[in-house]
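Undergrad: Pasting a predicted model and its sequence here:
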Amino acid sequence: MTDNPTLIRDSFALVQQHADKLTGHFYATLFLHNPEVRELFPPAMDVQRDRLFRALAGAVRMLDRPAELTSFLEQLGRDHRKYEVRAEHYDAVGNALLATLRRFAGEAWTPAHESAWSEAYRLIAAAMSGAAEAEAGRTPPSWLAEVVGHEQRSPDLAVLTLRPNAPFPYRAGQYTTVETARWPRVWRPYSIANAPRRDGLVTLHVRAVPAGWVSNTLVHHTRVGDVVRLGPGRGSMTLPERPSRRVVCVAGGTGLAPIKALVEEMIARHRPLTLHLFVGARQQSDLYDLRSLHQLASVFPRLILVPVISAEIGYPGVQGRLPEVVPAQGHWPEHEVFVAGPDDMVVSMVERFQRDGVPAERLHYDLSTTPAELDITSGLLDGAAGLLDGGAGLLGSGPGRPEGGEQSAH
Ligand SMILES: NC(=O)C1=CN([C@@H]2O[C@H](COP(=O)(O)OP(=O)(O)OC[C@H]3O[C@@H](n4cnc5c(N)ncnc54)[C@H](O)[C@@H]3O)[C@@H](O)[C@H]2O)C=CC1
């Protein structure tokens, strides 16, 4: 991506300590010189600020892994289609970025830094816009979807059924991003909770999290007949071509959504010999989809459903946290493994499966942040596919790490 990763890294180290001020200055410069760009961004910029810096830091960290960096940038470019980003916006961002780096690096900034960053940014913009253009003829940048079902399963959790206005391609286990009319330009990621269906309907499990703009809108202020916008299906936790005939799935909270889609897909197509499904929740009342899971088990008796409750004294069934319970309930090294839920739980679970001998190619999960951002130093998760979809949006308001931990409402 650049001939001069050392110059980029060194100069980035100079400004890194000023992350907050740097991003504030970047956006101020961008909007001052290009006021028309402001409308591409959400009304509140706090989350956005953090996201830009994480994107830059992520890209700088990937400099010595050019293939990974290129695919990261291409994905970012495709995802920016839904923000209606145009070619001239890339120039505006590049100019503001260079001006900001120059200012914060101060006297240490040299002409060599300037040319290394200009070249790197030119390549970044080319990778992003090239990928966006290549996708343009194939799929729409976003889909309008009518809400055709809204079930309040608990005070803070709803199951929504949506009908996209055009064929919406995705694979079981992937997530989409959602924008509501109430909060234009604010997108949040939610896993799709069903395998692709003939009627094209898409189901989401949404937990309203404190201060979560989109999740609260979807749970508390959305009715049948409302229309939302969806971004394209993303994520790497999909069924491999030839999965092992023995499968174990671990779902924490609303992490059940992608797992349920995968379970449906496996029951319909690959019909494993055994299919263990551990569903973790704090209390029994949080097991919001148990009835439908029992229905799946009744049509496919090889589905072994194990609800696991972590914080309810006196619960008569399996108690504990998933990373402790699952290893105690079986021996999984021969299994295909799928894990979804809070990042901490996914990381603990994956590390445990790895220690127990499950090879990387049979371990499937997505994280809402990249391993680097999670500050995983063990290296166990290196190469893990994060929910990179704008998790690092350089320009528009990608989902990323939303305010108030809203990604917890996938
Ligand atoms: N593809 C994915 O991995 C998806 C992930 N999610 C994530 O799932 C989470 C769901 O949140 P809630 O419904 O509030 O679930 P929750 O916080 O109530 O957790 C459910 C269960 O997960 C386990 N758990 C939670 N935190 C843990 C920790 N720190 N260490 C070990 N185990 C832990 C416990 O067994 C707990 O009962 C969100 O963070 C969301 O971002 C949601 C959808 C898809």
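TA: That came in fine, so what should we check first? Residues are numbered from 1 along each chain as shown.

Undergrad: if I look at the residue in the chain that the ligand sits nearest to, how far off is residue 193?
TA: Closest residue of the chain to the ligand, CB to the nearest ligand atom: residue 253 (2.0 Å). No exception for glycine: its C-beta is placed from N, CA and C like everyone else's. Look at residue 253 and residue 193: by CB to CB, to the nearest Å, they are 13 Å apart.

Undergrad: With neighbour numbers in mind, choose between the two.
TA: Per other CB atoms under 10 Å, whichever of residue 253 and residue 193 has more neighbours is residue 193, with 26 against 22.

Undergrad: ok, the closest residue to the more buried one other than its chain neighbours - contacts?
TA: Closest residue to residue 193 apart from its sequence neighbours, by CB to CB, 6 or more residues apart in numbering: residue 257 at 3.8 Å. Neighbouring residues of residue 257 by CB atoms under 8 Å, 6 or more residues apart in numbering: 190-193, 203-205, 340, 410.

Undergrad: pLDDT score for residue 257?
TA: At residue 257, the pLDDT value in this model is 98.

Undergrad: how near is it to residue 6?
TA: 43 Å.

Undergrad: ok, now residue 124?
TA: Taken as CB to CB, the span from residue 124 to residue 6 is 17 Å.

Undergrad: Could you do residue 204 as well?
TA: 45 Å.

Undergrad: element containing residue 54, please.
TA: In this assignment (DSSP states H and E), residue 54 forms part of helix 46-61.

Undergrad: Just give the closest residue to residue 157, not the sequence neighbours.
TA: According to CB to CB, 6+ apart, the nearest residue to residue 157 is residue 207 (4.8 Å).

Undergrad: my guess is that neighbour contacts residue 160, does it?
TA: No. Using CB atoms under 8 Å, residue 207 is not in contact with residue 160; the gap is 11.8 Å.

Undergrad: re the thing from before, neighbour count for residue 204 and residue 6, which is higher?
TA: A direct count of neighbours by other CB under 10 Å for residue 204 and residue 6 places residue 204 higher, at 26 against 12.

Undergrad: What sits closest to residue 264 if chain neighbours are left out?
TA: residue 195 (4.1 Å).

Undergrad: Give me the phi and psi for the one you found.
TA: phi -70, psi 150 (degrees, to the nearest 10).

Undergrad: got a list of what it touches?
TA: 172, 261-262, 264-265, 268.

Undergrad: what packs against the lengthiest strand in the chain?
TA: In the chain, with assignment by DSSP state E, the single longest strand is strand 143-154. Helices and strands touching strand 143-154, by 3 or more CB pairs under 8 Å, 6 or more residues apart in numbering; DSSP states H and E, are strand 157-164, strand 227-230.

Undergrad: between those strands, which one is nearest to residue 70?
TA: strand 227-230 (26.2 Å; CB to CB).

Undergrad: Output the below-cut-off pLDDT ranges for the chain.
TA: 1-3, 47, 369-410 (pLDDT under 70).

Undergrad: Let me see the ranges of the strands in it.
TA: Under DSSP E, the chain gives strands at 143-154, 157-164, 175-180, 187-191, 202-207, 227-230, 246-252, 274-281, 303-309, 318-319, 336-340, 363-365.

Undergrad: which one of those strands lies closest to residue 115?
TA: With CB to CB as the measure, strand 187-191 is the member of the strands of the chain nearest residue 115 (34.7 Å).

Undergrad: Next, see if the closest one gets close to the ligand.
TA: Yes. For strand 187-191, a contact with the ligand is found by CB under 6 Å from any ligand atom, at residue 191.

Undergrad: Residue numbers of the stretch 251-400 of the chain in contact with the ligand?
TA: Proximity of the stretch 251-400 of the chain to the ligand is confined to 252-255, 257-258, 280-282, 286, 308, 310, 321-323, 340-342, 344-346, 348, 366, 368 under the rule CB under 6 Å from any ligand atom.

Undergrad: Just the buried ones from these, in ChimeraX syntax?
TA: A single ChimeraX command selects the buried members of those (16 or more other CB atoms under 10 Å):
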select :252,253,254,255,257,258,280,281,286,308,310,321,322,323,340,341,342,345,346,348,366,368
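
Undergrad: about what we covered before: let's have the contacts of residue 195 in a markdown table, adding neighbour count.
TA: Formatted as a markdown table, these follow (neighbours: other CB atoms under 10 Å):
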| residue | neighbour count |
| --- | --- |
| 172 | 24 |
| 261 | 28 |
| 262 | 28 |
| 264 | 18 |
| 265 | 18 |
| 268 | 12 |
